[in-house]
Structure formats: structure tokens, C-alpha cells
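1. what's the 3D shape of this:
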Amino acid sequence: MMRIISLAVIVLLIASIGYSADANIGELVDQYKHATDLQRQDLEKNFIGKKISASGTVENVGRYDFFDISNDTGGVYYKVLLQQQITQNKVPYQVVLLYKDKDSVRDIDRGQEMEKEGNIVKIVDERLQIAVWIYNGELTDRERELFK
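-> Numbers count the residues shown, from 1 in each chain. As a prediction, this is how the structure comes out:
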């Protein structure tokens, strides 16, 4: 009985956040951490491509090459890692900001505070933390495939 109630609460939480205009990164990370594989697939389906805001301290900036072996295409992007943060429920997470243009990241310094909005392109459980990848720009169909 308790398991059914817990499952119902999780489903209601997923449904309530899944239909909001903008996602809350802390709530998303908390839900993702405690979700089953099937529930994670639903969360990804509901949140990939949605706008989200993230803020934090820059840990590093670097080049990141994507390659899609299924159609033999790739792309060069620039990745800004924000320092690990903790949700209200004590779940560690890290935000990864992706940019297409090198000039967009040229003046970003390690230790700098930043706040950005973009589209969620990936949510990854890295065992010790949840990583939320956010693209700064409009997602094309090609980029959606590359970022999978």
C-alpha cells in the first residue's frame, strides 16, 4: 500500500512539473535522482528541449566535440562547466552550458558567477552527481541528434 502511495506521489510530481512553462533545475534533479529507469525516460521526454535557467560559479571552459556515429556527422561546441551544486534535498548536480560560437565563451573566466537560460539537451546520472546539459541557442534537428 505504501509503495502505491509513493508511486502515485512521484507520478503527480512528474505530471505537475512536466507541464510547466519553465523547469526548476533543483526540482528536476531531485526527481531524476529518485526516479526509476522508466520514470527517467518520461522525465527526459518531458524536459529535453524545455527552457531552464541555471546559475553558478564557472569551473572550466573548453572545447567539446560531438560525433554521431549513426549518421557519421559531428560538430564543435564550447562547454562551460559550473561548479557542483546541491539541491534542497542534498542531491549533487552540475550544470554544463553548451555554446556553438567560440566568441561567446572567450571572455568567461574561471571563478566567475554566471546565470544563463537555455534548452535542456541532456540529463545524465554520473553516479556521484546528476549533470544537466543546457544549450545556449535554438536547437536544430541536427543538434538534437548530436546531443543524444
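
2. Find the centremost residue of this structure, please.
-> Nearest residue to the geometric centre of the chain (CA atoms, centre = their mean): V132, 2.2 Å.

3. Let me know whether it touches I25 as I believe.
-> Yes. Under the criterion of CB atoms under 8 Å, V132 makes contact with I25 at 6.1 Å. Every residue, glycine included, has its C-beta placed from N, CA and C.

4. Identify the contacts common to those two.
-> 52, 54, 93, 95 (CB atoms under 8 Å, 6 or more residues apart in numbering).

5. which two from the residues you listed end up farthest apart in space?
-> Largest separation among these by CB to CB: I52 and Y93, giving 12.1 Å.

6. Of these two, which one has the most company?
-> Y93 (25 against 18; other CB atoms under 10 Å).

7. SS state for that one?
-> Under the three-state scheme (DSSP: H, G, I helix; E, B strand; the rest coil), Y93 adopts strand.

8. beta partners of S55?
-> S55 has these beta-bridge partners by DSSP bridges: E115.

9. in the chain, which segments are predicted with low confidence?
-> Under the criterion pLDDT under 70, the flagged ranges of the chain are 1-22, 68-70, 72.

10. Kindly recompute the last result at 90.
-> Low-confidence segments of the chain (pLDDT under 90): 1-23, 65-75, 136-148.

11. Would you map the strands across it?
-> According to DSSP state E, the chain carries its strands in the segments 51-68, 73-82, 85-86, 92-99, 113-125, 130-135.

12. How about residues contacting the last one?
-> Pointing back at strand 130-135 there. Taking CB under 8 Å, 6+ apart as the rule, strand 130-135 contacts 25, 28-29, 32-33, 52, 54, 91-98, 116, 118-124, 143, 147.
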